[in-house]
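**Q** model the structure of this input:
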Amino acid sequence: MDSVETKALGEFLKARRGRVAPERVGIAAGGRRRVRGLRREELAQLAGISVDYYVRLEQGRATQPSPEVLDALARALDLDLAEHRHLTTLVGARCGAAPTARVSPLLRRTLDALADSPAFATDYRLDVLAANPLGAELIGGVGESGRRDPNQARYLFLDPASRLVHPDWEARAAEVVGQLRAATGCYPADPALTSLIAELSTLSENFRRIWASGEVVMCTPGRKRLRHPEAGLLTLDFEVLHVPAAPGETGLVVHVFGAEAGSAEAEALARLAARLEGRL
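**A** Below you'll find the predicted structure:
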């Protein structure tokens, strides 16, 4: 690993170590502790490795921990699946050089065919590369000149209008930061991704705060609340569909939103879709 990658590994381990309350792993926290969370020696003991070796890992002087050591650290730090995968990525195989992103004609037709379901596609930098009209409208008018930045992270942290569209802004912001951190583990040398993170770190105190937490997030299905000036506050289910990458390209993530038939949300989406199609 080069110096950038070893620094990222050390920063991630330190951030995750600071998250673990000593009492949660059976360590008495009596007296004043100089560090938040676990001490280095405490984590090393929990993982069954020497303190010296753990210190070298965190300082970037040990660069090839075995899978067994990574698994032990993941258990000691109580990492979830996304965090464990990110830890492995930081010391193992990368996704290669920054690939190009391409939306195929078939994917565009598929998005358009979902006329009554908001849908859009993003790459690992969280750029919205394609959307159907309802999806573009629901997330703030992406694609329309002057309405919002096509990058989800830049929009959330630098555009105050994002707090109107996303009433659960803090949770959404944490998701976005966690997804960007996962992307940096996979593409540490991508200049566009590095530039985006540097820009947000410079311009947004909220981004710096959340980034410092070391969170890692995978994009998974769930439920989100979105607010639209015409449709109002909508609670929608969403699914994520992963489009495999062609050689030399990056895979895309398609986000599809929907509501139960006959619900107020479904009726609101139908009215908005009809208006966008010029029927109302």
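**Q** list the buried residues for stretch 240-257?
**A** 243, 245, 250, 252, 253, 254, 255, 256, 257 (16 or more other CB atoms under 10 Å). C-beta here means a position set from N, CA and C on the backbone, and glycine is covered the same way.
**Q** apart from its chain neighbours, what residue comes closest to the third one?
**A** In this structure, residue 250 finds its nearest non-sequential neighbour in residue 99, 4.3 Å apart by CB to CB, 6 or more residues apart in numbering.
**Q** just give me the neighbour total for the one you found.
**A** When counting by other CB atoms under 10 Å, one arrives at 18 neighbours for residue 99.
**Q** same deal with the one 10 residues further on?
**A** Burial of residue 109 is recorded as 9 neighbouring residues (other CB under 10 Å).
**Q** also residue 237?
**A** For residue 237, the count of nearby residues is 14 (other CB under 10 Å).
**Q** could you do residue 216 as well?
**A** 28.
**Q** mind listing the strands for the stretch 1-150 of the chain?
**A** Assigned by DSSP state E, counting those that start in this stretch, the strands in the stretch 1-150 of the chain fall at 119-122, 128-131.
**Q** looking at the ones you listed, which is closest to residue 145?
**A** strand 128-131 (14.3 Å; CB to CB).
**Q** one step back: for residue 203, which of the strands of the stretch 1-150 of the chain is the nearest?
**A** Nearest to residue 203 among the strands of the stretch 1-150 of the chain is strand 128-131 (19.8 Å), distances taken as CB to CB.
**Q** mind checking the strands of the stretch 1-150 of the chain for the one nearest to residue 212?
**A** Per CB to CB, nearest to residue 212 of the strands of the stretch 1-150 of the chain: strand 119-122, 24.1 Å.
**Q** pull out the buried positions in the closest one.
**A** Using 16+ other CB under 10 Å as the test for burial, strand 119-122 gives 119, 120, 121, 122.
**Q** which one of those residues sits closest to residue 171?
**A** For the buried residues of strand 119-122, the closest approach to residue 171 (CB to CB) belongs to residue 122, at 17.7 Å.
**Q** residue contacts, the closest one?
**A** Applying CB atoms under 8 Å, 6 or more residues apart in numbering, we find residue 122 in contact with 128, 129, 152, 252, 253, 255.
**Q** widest-spaced pair of the residues you listed?
**A** The span of those, defined through CB to CB, is set by 152 and 252 at 13.2 Å.
**Q** could you list the domains of the chain?
**A** The record's domain split for the chain, according to automatic domain parsing, is 3-91, 105-276.
**Q** for the ones you listed, could you give me CSV that also reports mean pLDDT?
**A** Converted to CSV, the domains of the chain look like this (pLDDT from 0 to 100):
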stretch, mean pLDDT
domain 3-91, 81
domain 105-276, 92
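**Q** residue 200 and residue 155 touch, don't they?
**A** No - counting by CB atoms under 8 Å, residue 200 sits too far from residue 155 to count as a contact (10.9 Å).
**Q** doesn't residue 225 lie inside a strand?
**A** Yes - under DSSP: H, G, I helix; E, B strand; the rest coil, residue 225 falls within a strand.
**Q** my guess is residue 254 meets residue 118, correct?
**A** No - in this structure, residue 254 is not within contact of residue 118 by CB under 8 Å, at 11.2 Å.
**Q** circling back: so which of the strands of the stretch 1-150 of the chain gets nearest residue 19?
**A** Closest among these, using CB to CB: strand 119-122, at 27.3 Å.
**Q** quick one: strands adjacent to that closest one?
**A** Applying DSSP bridges, strand 119-122 is found paired with strand 128-131 (antiparallel), strand 252-258 (antiparallel).
**Q** what number of residues lie near residue 223?
**A** Neighbours around residue 223, by other CB under 10 Å: 9.
**Q** tell me who's in contact with it.
**A** Residues in contact with residue 223, defined by CB under 8 Å, 6+ apart, are 235, 236, 237, 238.
**Q** okay if I get those residues as CSV plus secondary structure?
**A** Formatted as CSV, these follow (three-state DSSP):
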residue, secondary structure
235, strand
236, strand
237, strand
238, strand
